[in-house]
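Colleague: Give me a 3D structure for the following:
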Amino acid sequence: MLTATGATASTASVSASDDATVSDVPQLGQRSDGRRFSERGGTDRRDAVCLFEEVYAAEGVVFGRGEGFRYRHRTLHDLNIELTSSAVTTDRSGDLSSGDWLALGWTARGGVRIDDGSHRAVTEPAIPVVFPTDRPYSIVAPAGVHHVVRLNWEFVDTVGAVLSEARTTTAAFRTQPLPDALPGLQASIHAVAAAAFGDGDPQQARLSLQVQLAEWVVRAYGGRSERRELGAGRTTVELAQAYMAEHCRDQVMLTDLCEAIGVSARTLQSAFLRHADSTPMNYLQQMRLNRVRVALQLADPGSVTVATIAREWGFRHMGRFAGTYLHRFGEYPGETLRGLPTRRLRSRAVVGSA
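Modeller: Now for the predicted structure:
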């Protein structure tokens, strides 16, 4: 089991006793609910380099010298997250970038050295840290077990936008978690992993636990700004998306978008159809629907209504909104608000937290 407080038997360091379970042939599996699991291990350093560079979009991966080299790597992808555990008999290093994921990592023993060119840090065992989010970086990890939880950026941004009362949040995530948020964060990671690897939780329950994990991540590390610089080099679609993210709660018209980024309506429509397979206003509607869904999942049904949350994100016609929401998510917004599995499972992820 993946935990934030150390490795358990399933991810213990590689040893000779692993001969029966570690194979040079990848082990893959996909469940009917979309979860994807892969496991690979062996003794060939070249295979290990190829695997780690592929999984982490890394370059220049190097494993330390020494006889008896062995490695094992396990990955589970579930909805908006990816859980990985790797065990290697030597230290490892490489150059990485954040890409489409927000990555949290920790070791069972020893610390990881992180260098992004302007700042160097060494992690502590069992304390999840956020790897650099806005620039490439290099790491040196000790021999033993290393855990990584990766969250989809759009998913984290959506949760962060709902949680933030201000227009913007902090410019970048902190590397270290706030001490008072650490217990809740660790418990939430454990709950997400237990549900992802288990068989007893339906997809909606797992999604709700992932929403709560994203909430803890934002609490513990801050969030990246929704106010993105509209500088040169950004495409027309990217400029429009940045404006939408900043003004998602407002009544935005097509003319507002065109004026903000300096293009005609025809140019903007064509760009979105070509690069986003959507019209600008439909893209904005989907962005708002995603934020409403997360807000409903985080809300207390005893103190808030669907209409309140929908209006907060720019929906004015409740009947039309309910139909659109049903078409998008397969359930009415009231069902999301009243039937949130996170409230029934919350004890899993907050045990021991303040």
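Colleague: Identify the residue nearest R328 in space, chain neighbours excluded?
Modeller: Among residues not flanking R328 along the chain, L289 sits closest, at 5.2 Å (Cβ to Cβ, 6 or more residues apart in numbering). C-beta here means a position set from N, CA and C on the backbone, and glycine is covered the same way.
Colleague: Could you tell me which residues make contact with that neighbour?
Modeller: T324, Y325, R328, F329 (Cβ atoms under 8 Å, 6 or more residues apart in numbering).
Colleague: I'd like to know which of these is nearest to V306.
Modeller: Taking Cβ to Cβ as the measure, V306 lies nearest Y325 of the contacts of L289, at 8.8 Å.
Colleague: Can you name the helix or strand that the residue of the chain most remote from its centre falls in?
Modeller: Most distant from the centre of the chain: E67, at 36.6 Å, with distances by Cα atoms, centre = their mean. Using DSSP states H and E, E67 sits in no helix or strand.
Colleague: pLDDT wise, what is it at?
Modeller: As predicted, E67 sits at a pLDDT of 87.
Colleague: Next, work out how far apart it and T89 are.
Modeller: 9 Å (Cβ to Cβ, to the nearest Å).
Colleague: can you check L207 too?
Modeller: L207 sits 37 Å away from T89, going by Cβ to Cβ.
Colleague: Give me the distance between the residue nearest the centre of the chain and L96.
Modeller: What sits nearest the mean C-alpha location of the chain, by Cα atoms, centre = their mean, is L151, with 1.2 Å. Distance of L151 to L96, computed by Cβ to Cβ: 16 Å.
Colleague: residue ranges for the strands of the stretch 51-200 of the chain, please.
Modeller: 59-63, 71-78, 81-88, 92-96, 101-107, 113-115, 120-122, 129-130, 137-141, 144-152 (DSSP state E, counting those that start in this stretch).
Colleague: Name every strand pairing with the second one and say which way it goes.
Modeller: Each strand paired with strand 71-78, and its direction, by DSSP bridges: strand 36-42 (antiparallel), strand 81-88 (antiparallel).
Colleague: Restricting to C-alpha, output the first one in CSV.
Modeller: Listed next in CSV are the C-alpha coordinates belonging to strand 36-42 (Å, rounded to 0.1, in the frame of the first residue of the first chain):
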residue,chain,number,x,y,z
ARG,A,36,-4.6,1.0,-15.3
PHE,A,37,-1.9,-0.8,-13.4
SER,A,38,1.6,-1.7,-14.6
GLU,A,39,4.6,-3.3,-12.8
ARG,A,40,8.0,-3.9,-14.1
GLY,A,41,11.3,-5.0,-12.6
GLY,A,42,14.6,-6.6,-13.3
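Colleague: Now do that strand: distance to the chain's middle.
Modeller: Centroid separation for strand 36-42 versus its chain: 21 Å, with Cα atoms, centre = their mean, to the nearest Å.
Colleague: Same check on the last one?
Modeller: In terms of Cα atoms, centre = their mean, the centre of strand 81-88 is found 14 Å from the chain centre.
Colleague: Below-threshold pLDDT in the stretch 101-250 of the chain: ranges please.
Modeller: The model of the stretch 101-250 of the chain has pLDDT under 70 over residues 164-172, 223-234.
Colleague: I127 is in contact with I189, correct?
Modeller: No - contact between I189 and I127 fails when scored by Cβ atoms under 8 Å: they sit 11.6 Å apart.
Colleague: Please report how far the residue farthest from the centre of the chain lies from F315.
Modeller: 64 Å.
Colleague: For the stretch 101-250 of the chain, just list every one of the helices.
Modeller: Along the stretch 101-250 of the chain, the segments classed as helices by DSSP state H, counting those that start in this stretch run 153-163, 182-197, 203-221, 236-246.
Colleague: Output those helices as JSON lines; include the columns mean neighbour count and distance to S264.
Modeller: Listed next are the helices of the stretch 101-250 of the chain as JSON lines, based on neighbours: other Cβ atoms under 10 Å; distance: least, Cβ to Cβ, whole Å:
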{"stretch": "helix 153-163", "mean neighbour count": "21", "distance to S264": "28"}
{"stretch": "helix 182-197", "mean neighbour count": "22", "distance to S264": "45"}
{"stretch": "helix 203-221", "mean neighbour count": "23", "distance to S264": "37"}
{"stretch": "helix 236-246", "mean neighbour count": "20", "distance to S264": "10"}
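Colleague: Export those to a markdown table and append columns for distance to R274.
Modeller: Formatted as a markdown table, the helices of the stretch 101-250 of the chain follow (distance: least, Cβ to Cβ, whole Å):
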| stretch | distance to R274 |
| --- | --- |
| helix 153-163 | 20 |
| helix 182-197 | 36 |
| helix 203-221 | 31 |
| helix 236-246 | 8 |
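Colleague: And those helices: which comes nearest S118?
Modeller: The nearest among the helices of the stretch 101-250 of the chain, by Cβ to Cβ, is helix 203-221 at 18.4 Å.
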